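# Quick one, structure for this:
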Amino acid sequence: MRKISIAVLAVAIVLAGGCSSKETKKQEIEKEKQAETDKTETEGLQAPFPLTGVGTTEVSSDRAVAVVVNNHPQARPQSGLNKADIVYEVLAEGGVTRFVAIFQSEKPENIGPVRSAREYFIDLASGFDSFFIAHGYSPEAKEMLERGEIDNINGMQYDGSLFKRADFRKAPHNSYITYENIVKGAEMRGYGMDNSPEPAVFLSSKEAELLEGTPAEDLMVSYGSPSFDVIYKYNPVEAKYHRFNGSEETVDFESKGPILLDNILIVQMDHKVVDNAGRREIDMNSGGKGYLFQKGKVNEIQWKKEAGRIIPYKDGSKAGFVPGKTWINIVPSISDVSFDSPQ
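Numbers count the residues shown, from 1 in each chain. This is a model prediction of the structure:
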């Protein structure tokens, strides 16, 4: 297990939670009150959303939607990521990462900036039978889309109609789509939007509270560039992870609120550059090593590809997710992950 100190990185980040002991005590009291409120509000919620495990009063039949979201520094902060159930973060060309955001339980008004597809983005989206949204494509991804391997609309065909250009950013970092236009696009193409994905495996509230693992509240995922290296910091009062690129916290463009996460899954996959443009092939089928961070703790896992999804296993059994939102980082080497833990 790779362990390094992240103290220098922590100095660069000023969390809202970094307050006085009096303020911390106040937050703890508020957390206890909120827990009681949540317990009351969730009584009788017997129909959890399939990709978050969070309870709702009615069974959700909504189809998952996958959107390729730009992560270039000129595209930040993005719109809509705070409402994604699952976000995959994966390398495109060079050291640039992109997101494949999966939406099902929540429908953001606006999503973007939307960016171009790669074949492995389509593979990730297919595991949820998603309606796939991108603006542009690699040659390989274009062939897959033209063969109809996944229901989709693309900004190359609908730029200026379903996809709109924002005037406060420059192309290619300014393509956005509303959820209303996603539904409209599905109707135009004759795609159904009422087939919910198969549910993921989630821990019960008791199992989540008793979760075992090595303490690890701060972690870093290196993609080889300070602009794209990722830092996660766990806030025990909120029981949520905050995400940063360097010292810049990941927030929603419209609300300015932080992206708050419950599960951080990091998986190692073989990467190979295949052309002069720096495009990659990523082996998403063979399985391998990984880490699963939950509740300020980490466990080593093995991942498998099952029914099109990346599934973590621990001690031979599927590792359950804490109900809530999940971020999945795909890395060329597990040595790209570092975290603080007791010696």
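# partners of the residue most central in space within the chain in the sheet?
In the chain, the residue lying closest to the centroid (CA atoms, centre = their mean) is Val87, at 1.8 Å. Residues in a beta bridge with Val87, per DSSP bridges, are Ala101, Trp327.
# wouldn't it be in contact with Ile330 here?
No - with contact defined as CB atoms under 8 Å, Val87 does not count as touching Ile330 (11.2 Å). For the C-beta atoms, the positions are set from N, CA and C on the backbone; glycine is no exception.
# Not counting its neighbours along the chain, what's nearest Ile177?
Residue nearest to Ile177 in three dimensions, not counting chain neighbours: Phe163, with 5.2 Å by CB to CB, 6 or more residues apart in numbering.
# got the phi/psi numbers for the one you found?
phi -100, psi 140 (degrees, to the nearest 10).
# hey, what's it bridged with?
Residues in beta-bridge contact with Phe163 (DSSP bridges): Asp159, Ile177.
# ok, now which ones touch it?
Val114, His135, Gly155, Ser175, Tyr176, Ile177, Asn181 (CB atoms under 8 Å, 6 or more residues apart in numbering).
# run the last query once more with 6 Å
Contacts for Phe163 were tallied using CB atoms under 6 Å, 6 or more residues apart in numbering; they are His135, Gly155, Ser175, Ile177.
# now Gly112
Counted by CB under 6 Å, 6+ apart, Gly112 has contacts Ser79, Tyr176.
# One more pass at 7 Å, please.
Val69, Gln78, Ser79, Ser175, Tyr176, Ile177 (CB atoms under 7 Å, 6 or more residues apart in numbering).
# Let's have the residues you listed in TSV, adding pLDDT and neighbour count.
Below are these laid out as TSV (pLDDT from 0 to 100; neighbours: other CB atoms under 10 Å):
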residue	pLDDT	neighbour count
Val69	98	24
Gln78	98	24
Ser79	98	23
Ser175	98	24
Tyr176	98	21
Ile177	98	27
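# Any chance of CSV for those residues, columns distance to Asn299?
Formatted as CSV, the contacts of Gly112 follow (distance: CB to CB, whole Å):
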residue, distance to Asn299
Val69, 28
Gln78, 29
Ser79, 33
Ser175, 38
Tyr176, 37
Ile177, 37
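# between those residues, which is nearest Ser255?
Among those, Ser79 lies closest to Ser255 (CB to CB), at 9.4 Å.
# Give me the phi and psi angles of the closest one.
According to degrees, to the nearest 10, Ser79 has phi -110, psi 130.
# what's Glu281 in contact with, if anything?
Lys272, Val274.
# what's the answer for the one 4 residues further on, then?
Taking CB under 7 Å, 6+ apart as the contact definition, Asn285 lies against Lys305.
# how about a cut-off of 10 Å?
Asp123, Met269, Lys304, Lys305 (CB atoms under 10 Å, 6 or more residues apart in numbering).
# Now a PyMOL select for only the buried ones of those.
Isolation of the buried members of these (16 or more other CB atoms under 10 Å) is achieved in PyMOL through the command below:
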select buried, resi 123+269+305
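# hang on, the earlier thing: quick one: the residue nearest to the centre of the chain from Ile122, how far?
Separation of Val87 from Ile122 (CB to CB, to the nearest Å): 16 Å.
# Out of the contacts of Asn285, list just those in strands.
Lys304, Lys305 (DSSP state E).
# still on that earlier bit, model confidence score at the residue nearest to Ile177, please.
Predicted confidence (pLDDT) for Phe163: 98.
# hang on, the earlier thing: quick check: of the contacts of Phe163, which lies closest to Asn195?
Nearest to Asn195, judged by CB to CB, of the contacts of Phe163 is Ile177 at 20.8 Å.
# and Val267, what element?
strand 263-268 (DSSP states H and E).
# Buried residues, that strand. List them.
Asn263, Ile264, Leu265, Ile266, Val267, Gln268.
# same question, stretch 286-305
287, 289-299, 301-303, 305.
# Stretch 318-330 too?
Ala319, Gly320, Phe321, Val322, Pro323, Gly324, Lys325, Thr326, Trp327, Ile328, Asn329, Ile330.
# Which two among these are spaced furthest apart?
So, the buried residues of stretch 318-330 by CB to CB: farthest apart are Pro323 and Ile330, at 23.0 Å.
# Many thanks, have a good one.
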